[in-house]
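1. task: produce atomic coordinates for the following.
(chains A and B)
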Amino acid sequence: GIQVEQSPPDLILQEGANSTLRCNFSDSVNNLQWFHQNPWGQLINLFYIPSGTKQNGRLSATTVATERYSLLYISSSQTTDSGVYFCAVRTPGSNYKLTFGKGTLLTVNP
Amino acid sequence: DAGVIQSPRHEVTEMGQEVTLRCKPISGHNSLFWYRQTMMRGLELLIYFNNNVPIDDSGMPEDRFSAKMPNASFSTLKIQPSEPRDSAVYFCASRRGDTQYFGPGTRLTVL
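-> Numbering: from 1, shown residues only, chains lettered A, B, ... in the order given. A predicted model of the protein is given here:
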């Protein structure tokens, strides 16, 4: 099956810093989503981005499908950005199954 | 929109007891998913329903696990009998189009 690798596994930032999270995948995908799991466990959709670039406030994401990677940018980080960021992908062979990476644990200190 | 609703949010039970987890998907979503999250295995897909019909239950770990979706607005995941290794957070998600939306999860502890 497809492999999804996220890096770095852990990241500690001071409030106000910027960061880039990376998701590499081993096969072609037709669906890629970024999720944020907050410290209370809720999984929140950030982006649906199988290709191209999207921005939502301080967050933006870019997927280069031909090179099999996606990047999530967090600017001017806040303590509320803390949590685990997951990348999930779906291959053209399936119309429903998302394969999740292991996540990046982000800690933003005040 | 209330989002995906799950109940209970926390469940503590003793080994051997039956556990039933409940999910109400977002109205209008025709796909429903049950996931399990553990530290060791991450997020695992247990079962997928489309239009209330189970399409893929290959992720259901054992016969002790069963899931139903009697109508478009309700699904259950049942574990009988429960075991300590079933302790995890169980998520329900629903989808319309390409984006899945997750519920808040049920944290299950089996003693």
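2. show me the shaky parts of chain B.
-> B:1 (pLDDT under 70).
3. which parts of it sit against chain A?
-> Taking CB under 8 Å from any CB of the partner chain as the criterion, chain B approaches chain A at residues B:31, B:33, B:42-43, B:45, B:48, B:50, B:55-56, B:89, B:91, B:93, B:95, B:98-102, B:104-105, B:107. (Glycine included, C-beta is placed from N, CA and C.)
4. filter those down to the ones in helices?
-> Among the residues of chain B next to chain A, none falls in helices (DSSP state H).
5. residue of chain A nearest chain B, please.
-> For chain A, the residue closest to chain B is A:L43, as judged by CB to the nearest CB, at 3.9 Å.
6. list the contacts of residue 47.
-> Went with chain A since none was named. Residues near A:F47 by CB atoms under 8 Å, 6 or more residues apart in numbering or on different chains: A:Q33, A:W34, A:K54, A:N56, A:L59, A:A61, A:L72.
7. sorry, should have said chain B
-> B:F33, B:W34, B:P54, B:D56, B:D57, B:G59, B:M60, B:A67, B:L77.
8. partners of the second one in the sheet?
-> The one in question is B:W34. Partner residues in beta bridges with B:W34, using DSSP bridges, are B:I47, B:C92.
9. near chain B, which residues of chain A show up?
-> So chain A meets chain B at A:31, A:33, A:35, A:41-45, A:48, A:50, A:86, A:88, A:96-98, A:100, A:102-103 (CB under 8 Å from any CB).
10. report the buried members of those.
-> Buried subset of the residues of chain A next to chain B (neighbour count, 16 or more other CB atoms under 10 Å in any protein chain shown): A:31, A:33, A:35, A:41-43, A:50, A:86, A:88, A:96-98, A:100, A:103.
11. just flag the most distant two among the residues you listed.
-> A:G41 and A:P50 (26.4 Å; CB to CB).
12. quick check: chain neighbours aside, which residue is closest to B:N51?
-> Of all residues not flanking B:N51 in the chain, B:N30 sits nearest, at 5.3 Å (CB to CB, 6 or more residues apart in numbering or on different chains).
13. and for that neighbour, the neighbour number?
-> The number of residues packed near B:N30 is 14, by other CB atoms under 10 Å in any protein chain shown.
14. ok, now how distant is it from A:F35?
-> Distance, B:N30 to A:F35, using CB to CB, to the nearest Å: 21 Å.
15. so A:P92, which of the three states?
-> Following DSSP: H, G, I helix; E, B strand; the rest coil, A:P92 is assigned to coil.
16. now the phi/psi pair for the closest residue to it other than its chain neighbours, please.
-> Among residues not flanking A:P92 along the chain, A:N30 sits closest, at 4.9 Å (CB to CB, 6+ apart). Dihedral pair for A:N30: phi -120, psi 10, per degrees, to the nearest 10.
17. need the pLDDT of A:N30.
-> What the model reports for A:N30 is a pLDDT of 91.
18. OK, contacts around A:N45?
-> By CB under 8 Å, 6+ apart, the contact list for A:N45 reads A:Q33, A:W34, A:F35, B:T99, B:Q100, B:Y101, B:F102.
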